[in-house]
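> whatever this is, show me its structure:
(chains A and B, ligands or ions: 2)
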Amino acid sequence: MVIQIILVVFFLVVLFKVLSKFRSGYLKGKETVGWVIFWILAMAVVINPNSTLILAKVLGVGRGVDAILYLTITLLFFLVFKIFVRLEKIERQITKLVRQDTLNQTKKYESSSYHS
Amino acid sequence: MIFIVLPAYNEEQKIGRVIRDLFQHGFKNIIVVDDGSDDNTVSEAVTAGAKVLKHMINRGQGAALQTGNEFVLQNGAEIVVHFDSDGQFNVNDINKGIEKLIEENLDIVFGSRFLDTRSKVPFFKKYFILPFSRIINNFITKLNLSDVHNGFRIMHRRALEKINITQDQMAHNSEIPRLVKENNLKYGELPVEVLYFENGQGVSGGLKILWDLLIAKIN
Ligand SMILES: Nc1nc2c(ncn2[C@@H]2O[C@H](COP(=O)(O)OP(=O)(O)O)[C@@H](O)[C@H]2O)c(=O)[nH]1
Ligand SMILES: [Mg+2]
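Numbering: from 1, shown residues only, chains lettered A, B, ... in the order given. Ligands and ions are numbered 1, 2, ... in the order given. Modelled structure (predicted):
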């Protein structure tokens, strides 16, 4: 099927991207291993859709596609949540930097003699 | 020493008048925290005679207030007034608040629009947004205040040392009462006048605040 070829090629490209991100230091070792396993599994599922039946049995859902759907949605939510938490942390760090910069620029306060 | 801290973001039209008004009422230590304004807020404030601290980029009103707080603490503040730089507050209310703080030996005085009849709060804000926000706020903060999210407050150094604002945006208005409760600070409310020429934050602003508080809980 055409869709299988398209998806497999796409996953291979993503896999390649993951590895190059790792090489240039943007991804940690642990994260890289996780993503590589994830995309290889995704490829396996696309090449042999029946393999998901095992998963469906384990999870107690009817069809393999359903099992994949549930799992991927859960995973997506988890990732979005992680990104949220990370963003919030970055926001606070930026504020800390900006504040430090501001306070470094003007440490001392001299009561102004200016009166209008 | 009494400090007035004015958070400002793009207030070139109004900030000069507010600062001059403060000087005319005898306040001397006026600190503007410019939050990366795109307009001439900084030069207007400098011309009017205020000390201006500059955030390189916009970090929000809460972030600016915390920067102001830390600066004045370093410089020997005994009493700090938070005051809006858009001219919505009445400078005459400040001295009443300071007297109240001292006489009743309070740590913090919150401004309230609902303790007298001077503030003409827009209908929708008064009867829909604010009552709803007040219930949520008093629930979150466990502090019973007659007003919510009023940027007018006066703090003693004691309070300032305890209140560390981590909510960069507007949700610091809920964070401060919460910290007051947690630290057992003595608080009071002061009737203040708020003028309305525009609607301010509105419903979407309120939802944004709730969102920020929720995210903070998760972290
Ligand atoms: N530093 C800083 N001040 C802000 C920001 N947004 C608003 N302000 C200031 O906070 C005060 C109140 O803001 P405003 O938008 O009028 O809110 P409202 O009157 O409470 O609805 C004014 O003095 C504004 O200049 C911001 O992002 N950073
Ligand atoms: Mg305003």
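> which helix or which strand is home to residue 67?
Defaulting to chain A. Here A:A67 sits within helix A:64-105, counting by DSSP states H and E.
> switch to chain B, that's the one I care about
Assigned by DSSP H and E, B:T67 falls in helix B:61-74.
> again, but for B:V81
strand B:79-82.
> same question, B:V33
strand B:29-35.
> now do the residue nearest the centre of chain B against B:I94, distance only.
Closest to where the C-alpha atoms of chain B average out (CA atoms, centre = their mean) is B:G151, at 2.7 Å. To B:I94, B:G151 is 13 Å away according to CB to CB, to the nearest Å. Placement of C-beta: from N, CA and C, glycine included.
> what do those two both touch?
B:F83 (CB atoms under 8 Å, 6 or more residues apart in numbering or on different chains).
> hang on, isn't the residue nearest to the centre of chain B packed against B:V81?
No - counting by CB atoms under 8 Å, B:G151 does not reach B:V81; the two are 10.5 Å apart.
> so for stretch A:28-38, mean pLDDT?
If you average the pLDDT over stretch A:28-38, you get 94.
> make that stretch A:82-96, sorry
pLDDT averaged over stretch A:82-96 gives 95.
> again with stretch A:61-78
90.
> confirm B:E11 sits in a helix?
No - counting by DSSP: H, G, I helix; E, B strand; the rest coil, B:E11 is not part of a helix but coil.
> my guess is it contacts B:T41. True?
Yes - B:E11 is within contact range of B:T41, at 5.2 Å (criterion: CB under 8 Å).
> could you check how far the residue of chain A found nearest ligand 2 is from B:A171?
Distances between chain A and ligand 2 by CB to the ion are smallest at A:T95, namely 21.7 Å. The gap separating A:T95 from B:A171 is 13 Å, by CB to CB.
> who has more neighbours, the two?
B:A171 (25 against 22; other CB atoms under 10 Å in any protein chain shown).
> and residue 59, what is it in contact with?
Reading this off chain A. A:67, A:70.
> ah, I was thinking of chain B
For B:R59, the contacting residues are A:94-95, A:98-99, B:35-36, B:168, by CB under 8 Å, 6+ apart.
> most neighbours among those, which one?
B:D35 (27 neighbours).
> so what's it up against?
Contacts of B:D35 by CB under 8 Å, 6+ apart are B:7-9, B:55, B:58-61, B:63-64.
> what stretches of chain B score poorly on pLDDT?
B:198-200 (pLDDT under 70).
> the nearest residue to B:P177 once chain neighbours are set aside - how many residues pack around it?
Ranked by CB to CB, 6 or more residues apart in numbering or on different chains and with sequence neighbours excluded, the top spatial neighbour of B:P177 is B:T141, at 3.8 Å. Using other CB under 10 Å, B:T141 is surrounded by 21 other residues.
> quick check: B:T141 touching B:E182?
No - under the contact definition of CB under 8 Å, B:T141 does not touch B:E182, with a separation of 9.3 Å.
> what comes into contact with the longest helix seen in chain B?
Ranked by residue count, the top helix of chain B under DSSP state H comes out as helix B:202-218. Here helix B:202-218 makes contact (CB under 8 Å, 6+ apart) with A:81, A:84-85, A:88, B:125, B:129, B:132-133, B:136, B:140, B:149, B:166-167, B:169-171, B:173-174.
> one more time with 6 Å, if that's ok
Under the criterion CB atoms under 6 Å, 6 or more residues apart in numbering or on different chains, residues A:88, B:129, B:133, B:169-171, B:174 lie in contact with helix B:202-218.
> can you pull the buried residues of it?
B:206, B:209, B:212-213, B:215 (16 or more other CB atoms under 10 Å in any protein chain shown).
> how far off helix A:64-105 does that helix point, in degrees?
Here the directions of helix B:202-218 and helix A:64-105 differ by 100 degrees (axes from the mean of the first three to the mean of the last three CA atoms, to 10 degrees).
> and helix B:202-218, how far from the chain's centre?
When C-alpha coordinates are averaged (CA atoms, centre = their mean, to the nearest Å), helix B:202-218 and its chain have centres 18 Å apart.
> got it, and stretch B:189-196?
12 Å.
> would you put the C-alpha positions of it in CSV?
Extracted C-alpha coordinates of stretch B:189-196, given in CSV (Å, rounded to 0.1, in the frame of the first residue of the first chain):
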residue,chain,number,x,y,z
GLU,B,189,-8.3,47.4,53.6
LEU,B,190,-8.4,51.0,52.5
PRO,B,191,-11.1,52.6,50.4
VAL,B,192,-9.5,53.9,47.2
GLU,B,193,-10.8,55.6,44.2
VAL,B,194,-10.3,54.0,40.8
LEU,B,195,-11.0,56.1,37.7
TYR,B,196,-12.2,54.4,34.5
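> buried ones in that stretch?
B:189-194.
> kindly report the same for stretch B:163-179.
Neighbour-count burial for stretch B:163-179 [16+ other CB under 10 Å]: B:163, B:165, B:167-179.
> could you do stretch B:19-26 as well?
For stretch B:19-26, by 16+ other CB under 10 Å, it's B:19-23.
> with stretch B:37-49 instead?
Under 16+ other CB under 10 Å, the buried positions of stretch B:37-49 are B:37, B:40-42, B:44-46, B:48-49.
> same check on stretch B:112-130?
Under 16+ other CB under 10 Å, the buried positions of stretch B:112-130 are B:112-114, B:119, B:125, B:129-130.
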